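Asks: Below is the sequence, then the predicted model.
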Amino acid sequence: MSIEKIKIESKPELEKIILEELGHIEKGLTVICNNVPINDKTTLDVLCHDENGQLVVMQIAVDEDDDILLQGLQSLNHINNFKSMLKVTYAKHKIDDKAMPRLILVAPSFSETVRNAVKNMQGMQIDLYEWEYLKIGDRKGLRIQPIFAPPKKWVKKPEPEKKTEPKEKPKVPKTVEKPEKPEKKPEVKKKTPPPEPKPEPKPEPEQKAEKKEEPWIIPPPKPAKPEEPKEKPEKPKEKEQPKESPKKEKPKKKLKLF
């Protein structure tokens, strides 16, 4: 199978092929606009932004030309000055107006002057790519080879976590733990408010003693002396008890004297 190198003579033709195969230069680039005039001698070929929203200025050349670097720097400076306006104008694109735009130069070859100038530049990112348009059998395609490009940091996508069945833990004999006695917190004595002073009883006004009228007392009647009976009643005669007959005394025995 033969490989044939095809020469592209017009810049619009090269620009059309590059836009169709933009992913061969860098993945994730999105075209915003192209063929934007900067001044009388300079035209911005392609304006893009990457996956992070950073603006990318792309200058292309059909032949080796050192002016490509100067044209690229002029376009880069112009876009940097108006990036806030571009964010408003192209609102559907996710443009990061805080990031510094970067430059990509695409040409069939670069001189040592351009390569050394790009290496010594600081404060800006410039990538160099050489292109070839090849015909392999019935197919045609663009071959892009990076010449000078800073290493890009690829962020690995987090792999989905594999579900792992939890391993059974060895059974440990349970030990009955004595419940710890809760520590007694010191009781905080509440301060009792001092008793409120009782209001002193108001002295009652002295009532003037009213002079009461003394009641008129009737003296009790003197008891009448009982009249003496004219005749004293006779006392009842006592019954005479029968007199006992005197007992006969026994004759006393006479004692004989010697």
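Replies: Yes, it's here.
Asks: What sits closest to Gly28 if chain neighbours are left out?
Replies: Nearest residue to Gly28, sequence neighbours excluded (C-beta to C-beta, 6 or more residues apart in numbering): Glu51, at 3.9 Å. (C-beta placed from N, C-alpha, C; glycine too.)
Asks: State the distance from that neighbour to Thr43.
Replies: Per C-beta to C-beta, to the nearest Å, Glu51 is found 26 Å from Thr43.
Asks: More neighbours: which of the two?
Replies: More crowded of Glu51 and Thr43, by other C-beta atoms under 10 Å: Thr43, with 16 against 12.
Asks: State the helix or strand in which the residue nearest to Gly28 lies.
Replies: For Glu51, there is no helix or strand it lies in under DSSP states H and E.
Asks: Tell me which residues touch the residue nearest to Leu73 when sequence neighbours are not counted, please.
Replies: Leaving aside its sequence neighbours, Leu73 sits nearest to Leu103 (C-beta to C-beta, 6+ apart; 7.2 Å). By C-beta atoms under 8 Å, 6 or more residues apart in numbering, the contact list for Leu103 reads 56-59, 72-73, 75-76, 124-127.
Asks: Quick check: buried residues in stretch 92-112?
Replies: For stretch 92-112, burial by neighbour count (16 or more other C-beta atoms under 10 Å) applies to 93, 95, 101-108, 110.
Asks: for these, which one is nearest Asn35?
Replies: Proximity of the buried residues of stretch 92-112 to Asn35 was ranked by C-beta to C-beta; the top entry is Val106 with 15.1 Å.
Asks: so which strand or helix has the closest one?
Replies: strand 102-107.
Asks: Mind listing the strands that strand pairs with, and their directions?
Replies: strand 55-60 (parallel), strand 126-136 (parallel) (DSSP bridges).
Asks: low-confidence ranges in this protein?
Replies: 1, 148-258 (pLDDT under 70).
Asks: Next, please give the residue ranges for the helices of it.
Replies: Ranges of helices in the chain, per DSSP state H, are 11-20, 67-81, 83-89, 112-120.
Asks: Give me the angle between the first one and strand 126-136.
Replies: In this case it means helix 11-20. Orientation check (axes from the mean of the first three to the mean of the last three C-alpha atoms, to 10 degrees): helix 11-20 against strand 126-136 gives 90 degrees.
Asks: re the thing from before, could the helices of the chain be laid out in CSV, adding distance to Gly141?
Replies: Compiled in CSV, the helices of the chain are given as follows (distance: least, C-beta to C-beta, whole Å):
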stretch, distance to Gly141
helix 11-20, 9
helix 67-81, 23
helix 83-89, 32
helix 112-120, 26
